[in-house]
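1. Have a look at this fold, sequence not included:
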């Protein structure tokens, strides 16, 4: 069974470009408002405008993100059969906005539960062959992963940074060691997040990531270091290598006679050239080419992903004997 992605850049160019412009404007809107003469002595009016712009920008971003997600899912095909997304915009906005206030009231403790609600909304409204996907990840488990691998190293770096006023060789070495440990922990978070994320039920099949932590974290660290050391020239290759690594460890199983595995058909040099060109064109056109790059990259990746039936040892012996 082979995937396909049939979305064209010209169909969503305005969505991605407006989203790109809205995000870019957010960086400069406060500086622009502060330079206007009207707001120089009107602090209350300035804050009202800033808050209003913040709310409008985020609402626009949410609507555009929803439309991009919907168009993208509806453009995924497996064996010439389309995936269908049936989610409603108002429900999507309700989940995101209510979760935003819950995160504020709980001092961000609700964040992993919001992520879980977000993913579950997308998956439960995605259908293939009239069956939808159910997400099995738990918010409480992601909270533990976040606290251990994100919050603690961040606190350690902040506390150490506060004591760097009087620079000493010992403090610099200590900061370097903690920074390296934090980098490793962040990479570990990426792995455990992926293993938490790839956990779905479709019909009577369980879709899970069966990857070992040590090997996968070491692999990710290697790809990150190569990307940094090559000044991101290696980035397209890193993307493909990471997809290959984790795709090969995804299992689709109903624990009877049916089990499937994912195979990828990437050629490293060709993939580096193609993905690198798409990224480069997006940069040199200042984002104008981004919608086409988005569709082309996803199409390139999906076209090289195949689902094959995985045979047990006894089944393999029977096949070979025939």
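-> Received the coordinates, thanks. Note that the coordinates shown come from a computational prediction; the quantities given were computed from them, not determined experimentally.
2. How many residues are close by residue 153?
-> When counting by other CB atoms under 10 Å, one arrives at 20 neighbours for residue 153. C-beta here means a position set from N, CA and C on the backbone, and glycine is covered the same way.
3. show me the residues around it that make contact.
-> Residues in contact with residue 153 (CB atoms under 8 Å, 6 or more residues apart in numbering) are 178, 181, 182, 185, 186.
4. now swap in residue 149 and tell me
-> Residue 149 touches 185, 186, 188, 189, 192, counting by CB under 8 Å, 6+ apart.
5. mind redoing it with 10 Å?
-> Residue 149 is in contact with 182, 184, 185, 186, 187, 188, 189, 190, 191, 192, 193, counting by CB atoms under 10 Å, 6 or more residues apart in numbering.
6. Neighbour count for those residues - can I get that in TSV?
-> Converted to TSV, the contacts of residue 149 look like this (neighbours: other CB atoms under 10 Å):
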residue	neighbour count
182	17
184	16
185	17
186	15
187	20
188	20
189	17
190	15
191	24
192	19
193	18
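7. can you list those residues in CSV and add distance to residue 256, pLDDT and secondary structure?
-> Below are the contacts of residue 149 laid out as CSV (distance: CB to CB, whole Å; pLDDT from 0 to 100; DSSP: H, G, I helix; E, B strand; the rest coil):
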residue, distance to residue 256, pLDDT, secondary structure
182, 44, 88, helix
184, 40, 94, helix
185, 39, 93, helix
186, 39, 93, helix
187, 36, 96, helix
188, 34, 96, helix
189, 35, 97, helix
190, 33, 96, helix
191, 30, 98, helix
192, 29, 98, helix
193, 30, 98, helix
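8. if we can go back for a sec, which one among the contacts of residue 153 gets closest to residue 220?
-> Nearest to residue 220 among the contacts of residue 153: residue 186, at 9.9 Å, using CB to CB.
9. isn't that closest one right up against residue 150?
-> Yes: at 7.2 Å, residue 186 and residue 150 qualify as touching, with contact defined as CB atoms under 10 Å.
10. Identify the bridge partners of residue 206.
-> Beta-bridge partners for residue 206, by DSSP bridges, are residue 201, residue 253.
11. pLDDT score for it?
-> Per-residue confidence at residue 206 stands at 96 (pLDDT).
12. surely it meets residue 253?
-> Yes: using CB under 10 Å, residue 206 is in contact with residue 253, at 5.7 Å.
13. the strands in this structure, which residues?
-> For the chain, the strands defined by DSSP state E cover 3-5, 76-78, 81-82, 84-85, 126-128, 131-135, 199-202, 205-209, 250-253, 259-264, 305-309.
14. Please convert those strands to CSV, extending it with mean neighbour count.
-> Output for the strands of the chain, formatted as CSV (neighbours: other CB under 10 Å):
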stretch, mean neighbour count
strand 3-5, 17
strand 76-78, 18
strand 81-82, 14
strand 84-85, 18
strand 126-128, 18
strand 131-135, 17
strand 199-202, 18
strand 205-209, 17
strand 250-253, 16
strand 259-264, 17
strand 305-309, 15
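15. now the ones you listed in CSV, with distance to residue 243?
-> Output for the strands of the chain, formatted as CSV (distance: least, CB to CB, whole Å):
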stretch, distance to residue 243
strand 3-5, 12
strand 76-78, 15
strand 81-82, 22
strand 84-85, 22
strand 126-128, 20
strand 131-135, 20
strand 199-202, 18
strand 205-209, 13
strand 250-253, 11
strand 259-264, 7
strand 305-309, 8
